[in-house]
Every structure is written in structure tokens, then in C-alpha cells.
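**Q** pasting a predicted model and its sequence here:
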Amino acid sequence: MMRTFPLALLALSGSLAAFTMAGAVAQGQTQPASDMPATNTFGKWTTIVDTLDTGQDAHKTCAASTAFVDGNGNAGSLTMSISTGDALPPDAYPAIMFIIDNANLPTGDKIAATFGDPGVKVTATVTSNAAAGGRSSWMVDNQAKTSLALLRAMRKVTSLDVTFGKQAVASIPMDGFTKAYRNLGTSCGFSTKDVAP
């Protein structure tokens, strides 16, 4: 079972931008105490690796996130996460979630979504969940083939153009994505060669 951990909570509380900026200042791995998550910053992406030790076994949750602002000035974040307790690539890929402070975006199940740029397009569906404080999250339906195509697109594009339904969401810079994804693979023990060789 995948553990939901502080990165998602930071985004929900509006602290993700501060978290990302703090990671950018650190510009390297930070681990203040053995029970604290380790963070790294790669371009506009911040990774966090958290270990949950139940006493019988230990699982790592590895996530990477980037903050953005849409064309209307709404704050958002794009986060991908995976746990060593889950299936790992190539059987399954990190879950991808958007949190955006925009009440005008479509909500519900199986919303058509498009990701990419003029040269690369990936279609998928997203499902929304209302969150505290008026923010909502959208989770990309995590089918291995679709997730792999989306992750490859994120590696190839300079900015990821995101559309939910027929509504443009944002154009999200991908600076640092490849190194962040490789860091997740190293930290959680999976090969990244099919996404970021």
C-alpha cells in the first residue's frame, strides 16, 4: 500500500512553493536527521524520499514535484510519486497528480486530458477530488502504457502543456525533470532507462 506523505500535504496547505524554494536554496541532498525525508533539487523539480519503517519492514516513498502558476495567476503543483511497497517500473509507473487553485477546471471521473506540446501529444483521463480550502486535485489514471508515454513526453518537452476537457490548465516548465526522475529510480530501486536513459 502506498503511503501518502507530507509532500501532498504541503501542496494542499499552500506551502509547496516554499518547499520548492527551500530545496532550491539547498541545491543538494539534505537530511537533517535520520528520521527526516531526504530532499534534492534539480532545476525546477524537488525530490523527496521518505522511509516508513514499521518494525517488520521498511518502505520508501519517492516523489518529485514542481510548482507552477497558470495563465490566470493560480498556483499549482505537479507531483509524481511511487513507493517500494507498490509495483515498480516497468509493471507500473509513478502516480501523477496535479493540484491547482482553480475552481473553474472540470471535475469528476474520467475527464479527457491532453499533455505535451505541439510536437508531442499524450491523451489520458484524469479524475478530480475536492480538497480542503477550495483546492482540487486531479490524478492521472495510472495505466502503465499511458503513464510511460506521459513520462516520456515530460522528458522530451521544454514545457508540458496541460488540458483538461477542452480547458487549458497550464504550461509547466520541465527543467530538471529528467534528473529528478533518475533520482526517484535510484532512491526507490527501479530502472529509468525506458523514460530517462
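**A** Received, thanks. Because the structure is a prediction, the values reported are computed rather than measured.

**Q** switch to C-alpha atoms for all contacts and neighbour counts from now on
**A** Fine.

**Q** surely T163 meets S171?
**A** No: under the criterion of C-alpha atoms under 8 Å, T163 is not in contact with S171, lying 9.1 Å apart.

**Q** and stretch 51-61, what's buried?
**A** For stretch 51-61, burial by neighbour count (16 or more other C-alpha atoms under 10 Å) applies to 51, 59-61.

**Q** wait, H59 touches T84, no?
**A** Yes: the pair H59 / T84 is scored as a contact, 5.5 Å apart, by C-alpha under 8 Å.

**Q** joint contacts of those two?
**A** By C-alpha atoms under 8 Å, 6 or more residues apart in numbering, H59 and T84 have no common neighbours.

**Q** give me the nearest residue to the spatially most central residue of the chain, chain neighbours excluded.
**A** Centroid check for the chain by C-alpha atoms, centre = their mean gives T79 as the closest residue, at 1.7 Å. Of all residues not flanking T79 in the chain, S65 sits nearest, at 4.2 Å (C-alpha to C-alpha, 6 or more residues apart in numbering).

**Q** give me the beta-bridge partners of the one you found?
**A** Under DSSP bridges, the beta-bridge partners of S65 are T46, T79.

**Q** cool, the one 4 residues further on as well?
**A** With DSSP bridges applied, V69 shows beta-bridge pairing to A75.

**Q** quick one: the strands in the chain, in order.
**A** With DSSP state E as the criterion, the chain has strands at 38-42, 45-53, 58-69, 75-83, 95-100, 111-117, 120-130, 136-140, 159-164, 167-173.

**Q** to P197, which of these lies closest?
**A** strand 38-42 (16.5 Å; C-alpha to C-alpha).

**Q** next, the angle strand 58-69 makes with the closest one.
**A** Using axes from the mean of the first three to the mean of the last three C-alpha atoms, to 10 degrees, the direction of strand 38-42 lies 40 degrees away from that of strand 58-69.

**Q** identify the bridge partners of the closest residue to A149 other than its chain neighbours.
**A** Nearest residue to A149 in three dimensions, chain neighbours excluded: V122, at 6.6 Å (C-alpha to C-alpha, 6+ apart). Beta-bridge partners of V122, counted by DSSP bridges, are F115.

**Q** use 36 as the first number for this chain going forward.
**A** In the new numbering, first residue 36, that becomes V157.

**Q** how close does V157 sit to R190?
**A** Applying C-alpha to C-alpha, to the nearest Å, the value for V157 to R190 is 13 Å.

**Q** returning to what we had before: can I get the strands of the chain in TSV with mean pLDDT and distance to G224?
**A** Formatted as TSV, the strands of the chain follow (pLDDT from 0 to 100; distance: least, C-alpha to C-alpha, whole Å):
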stretch	mean pLDDT	distance to G224
strand 73-77	96	15
strand 80-88	92	12
strand 93-104	94	10
strand 110-118	96	10
strand 130-135	96	16
strand 146-152	96	27
strand 155-165	93	27
strand 171-175	94	23
strand 194-199	97	26
strand 202-208	96	26
